[in-house]
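**Q** Here is my input; please provide its structure:
(3 chains)
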Amino acid sequence: MDALMLPLELLGIFAFAVSGALLAARKQFDLVGSVLLASLAGLGGGVVRDLMIDQGPPVAMTNSLLLLPVLLAVVLVAAKLLYENRLRKTLLAFDAMGLSLFCLTGAVIAYEAGLNPVACTLLGLTTGVGGGALRDVVANEVPQIFNPRGVYALPAMLGAGLTVLTLELGIFTIWSGLAISALVFTLRMLSLRFGWRIPLAGKHINEE
Amino acid sequence: MDALMLPLELLGIFAFAVSGALLAARKQFDLVGSVLLASLAGLGGGVVRDLMIDQGPPVAMTNSLLLLPVLLAVVLVAAKLLYENRLRKTLLAFDAMGLSLFCLTGAVIAYEAGLNPVACTLLGLTTGVGGGALRDVVANEVPQIFNPRGVYALPAMLGAGLTVLTLELGIFTIWSGLAISALVFTLRMLSLRFGWRIPLAGKHINEE
Amino acid sequence: MDALMLPLELLGIFAFAVSGALLAARKQFDLVGSVLLASLAGLGGGVVRDLMIDQGPPVAMTNSLLLLPVLLAVVLVAAKLLYENRLRKTLLAFDAMGLSLFCLTGAVIAYEAGLNPVACTLLGLTTGVGGGALRDVVANEVPQIFNPRGVYALPAMLGAGLTVLTLELGIFTIWSGLAISALVFTLRMLSLRFGWRIPLAGKHINEE
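**A** Have a look, this model is predicted:
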């Protein structure tokens, strides 16, 4: 991973790890459960991405630096410096931050590994939504991605797609990357604020 | 993947993707949730298989053609051309079709990758049941494989085993493959129709 | 895998497979569901470990010997030679045995694959808790690792860490390994017996 991507990756890990530690707190897990759920949320998306790219062990295993933001997140939540407010917006905001950073870094890392543009977009999406989905599945919740209130995967796919487009056009910089991330974050948060909804998936027998 | 297997793989992806889109409809997920659940169901088994075979990125990532049946399935369900009937048999029928095709293609792909016959049978089984299990776990349902009504994994294992046997004997053709698939599908559907049951797994304290 | 580790790996597979078969019995799954849940519990941790190490297909696929303890576990549970007692301690004891053996063998196998000490410790932990977590997630239960009563991941991390330390110091033998495993098992069982608890993960809004 190059020097430009590493800070964004660390920030994304931190954001998702906070979401994991907050969910652990909500579910009354203990401190070790918090470390595990924060690790799964913060590192899970990247591990799935690295397994798919199939070029050696996941970077979360080989670069111990990536563990630090996870531990920091757990400490901040355990010390009650970060906690869910009454409207449960804190978890969702950190989750959105992780989503917006990982769809970017995931797409860049897949691109550097030489995958085709469609695969890079899909891997950016997978990296973005993967950690949160693992967090929710392991904590026995329906994943956030399936919550019909707000949009989740769509901004991540847009972010990954724009990242790949700017890479293909040779105009990707750290600044264009940050702008894409900010766009994804803003869309996600606006969708929660205004309750944007996407049409339902099909006809259900109970609706008849 | 050779030219003979590709159409069967695409059909299997379509069938499982329909099952995912139907489950998304039943769970009142939105259209994007439907795409994600259909992708997980349609492509998940093959991704797990390719991760295990460990010869580069999963074919679902590198060959964008495999995404088309997923999108087609979502569109057909969203357009209400495919929906669950009152007896909830539609989902189960498409799931059975995916199962019967993937236990075949999974075993063939593992065989072509040079794995031993036992491993090929297990990978055929894993490919067959993997997508459906991921679909159900992520949607927070007990996987179909554990439903005591009907047989599920057993026909898939039989299909994978017969596929490996015919490959070993050098008598595997597309027609013998289709016959094996038809057998798996028929056994699965008959087991649902007649409520075949396998003995329970052990003694439970409540039974005493 | 060298000759010293294989018996421990087989014993660990057996122990976790028993826990899977017992959970299948509790959940009233049928015999095939029992085989699948026992396989997932017994082989899942090692498969995740091997996917991460990324040196070819998982050993559970290539070495059919590893399937025997799974089948043995299912047969013993189906024949009601092993069952849960009223206090539901049997499942937890076998789960603890698997945990104590897999944190050891996982760390050793990662070490032999040339990963760094931190990665080896994490992979030992992942191997130890992975099979049990997959078992519980697929059976739609909150994983044992998140149960606030007793300690689970902490002894496994200690065991993996001690294994890596003794390997680094060049004093690892089968006997030191067994001593480490016995320590992990004892800590886990004592924690259940005396209800050891770790502080909760953070502030929850309901506590205010």
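
**Q** all strands in chain A, in order from the N-terminus.
**A** Using DSSP state E, chain A contains no strands.

**Q** Tell me which residue is most central in it.
**A** The central residue of chain A, meaning the one whose C-alpha is nearest the mean C-alpha position (Cα atoms, centre = their mean), is A:Leu99 at 3.2 Å.

**Q** these two touch, right, that residue and A:Arg188?
**A** Yes. The pair A:Leu99 and A:Arg188 passes the contact test of Cβ atoms under 8 Å, sitting 6.3 Å apart. For glycine as for every other residue, the C-beta is placed from the backbone atoms N, C-alpha and C.

**Q** anything in contact with each of those two?
**A** Overlap of the contact sets of A:Leu99 and A:Arg188 (by Cβ atoms under 8 Å, 6 or more residues apart in numbering or on different chains) consists of A:152, A:155.

**Q** which residue packs closest to A:Gly42, ignoring adjacent ones?
**A** Leaving out its chain neighbours, the residue that sits closest to A:Gly42 by Cβ to Cβ, 6 or more residues apart in numbering or on different chains is A:Ala17, at 3.4 Å.

**Q** Contacts for the helix or strand bottoming out on mean pLDDT in chain A next, please.
**A** One helix or strand of chain A scores below all others by mean pLDDT, DSSP states H and E: helix A:59-62, with a mean of 91. Identification of contacts with helix A:59-62 by Cβ under 8 Å, 6+ apart yields A:1, A:43, A:46-47, A:50, A:56, A:66-67, C:52, C:115-116, C:119, C:122-123.

**Q** Let's have those residues in a markdown table, adding distance to C:Leu178, pLDDT and neighbour count.
**A** Converted to a markdown table, those look like this (distance: Cβ to Cβ, whole Å; pLDDT from 0 to 100; neighbours: other Cβ atoms under 10 Å in any protein chain shown):
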| residue | distance to C:Leu178 | pLDDT | neighbour count |
| --- | --- | --- | --- |
| A:Met1 | 40 | 52 | 15 |
| A:Leu43 | 31 | 96 | 27 |
| A:Gly46 | 35 | 95 | 25 |
| A:Val47 | 31 | 94 | 24 |
| A:Asp50 | 34 | 95 | 26 |
| A:Gly56 | 32 | 90 | 13 |
| A:Leu66 | 33 | 95 | 21 |
| A:Leu67 | 29 | 95 | 19 |
| C:Met52 | 25 | 93 | 26 |
| C:Leu115 | 23 | 93 | 21 |
| C:Asn116 | 25 | 93 | 16 |
| C:Ala119 | 24 | 93 | 25 |
| C:Leu122 | 22 | 93 | 26 |
| C:Leu123 | 20 | 95 | 30 |
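
**Q** re the thing from before, who are the neighbours in contact with the residue nearest to the centre of chain A?
**A** A:Leu99 touches A:128-129, A:132, A:152, A:155-156, A:184-185, A:188, counting by Cβ under 8 Å, 6+ apart.

**Q** try it again with 6 Å
**A** Neighbouring residues of A:Leu99 by Cβ atoms under 6 Å, 6 or more residues apart in numbering or on different chains: A:128, A:156.

**Q** now do A:Leu51
**A** The neighbourhood of A:Leu51, defined by Cβ under 6 Å, 6+ apart, consists of B:51, C:51.

**Q** and it, what pLDDT?
**A** Per-residue confidence at A:Leu51 stands at 94 (pLDDT).

**Q** try A:His204
**A** If you check A:His204, the pLDDT there is 56.

**Q** ditto for A:Leu37
**A** Reported pLDDT at A:Leu37 in the predicted model: 94.

**Q** And it, how far from C:Gly195?
**A** Separation of A:Leu37 from C:Gly195 (Cβ to Cβ, to the nearest Å) stands at 22 Å.

**Q** Also A:Gly42?
**A** Going from A:Gly42 to C:Gly195 by Cβ to Cβ gives 30 Å.

**Q** Settle it for me: which of the two has more neighbours?
**A** Neighbours per residue, other Cβ atoms under 10 Å in any protein chain shown: of A:Gly42 and C:Gly195, the larger number sits with A:Gly42, 32 against 9.

**Q** Next, the contact list for the more buried one, please.
**A** A:13, A:16-17, A:70.

**Q** Show the contacting residues for A:Pro58.
**A** The neighbours of A:Pro58, taking Cβ under 6 Å, 6+ apart as the test, are A:47, A:50.

**Q** Ramachandran angles for it?
**A** The phi/psi pair for A:Pro58 (degrees, to the nearest 10) reads phi -60, psi 140.

**Q** Likewise for A:Ala139?
**A** For A:Ala139, the backbone dihedrals (degrees, to the nearest 10) come out as phi -80, psi 10.

**Q** cool, and the one 10 residues further on?
**A** Dihedral angles phi and psi of A:Arg149 (degrees, to the nearest 10) take the values phi -80, psi 120.
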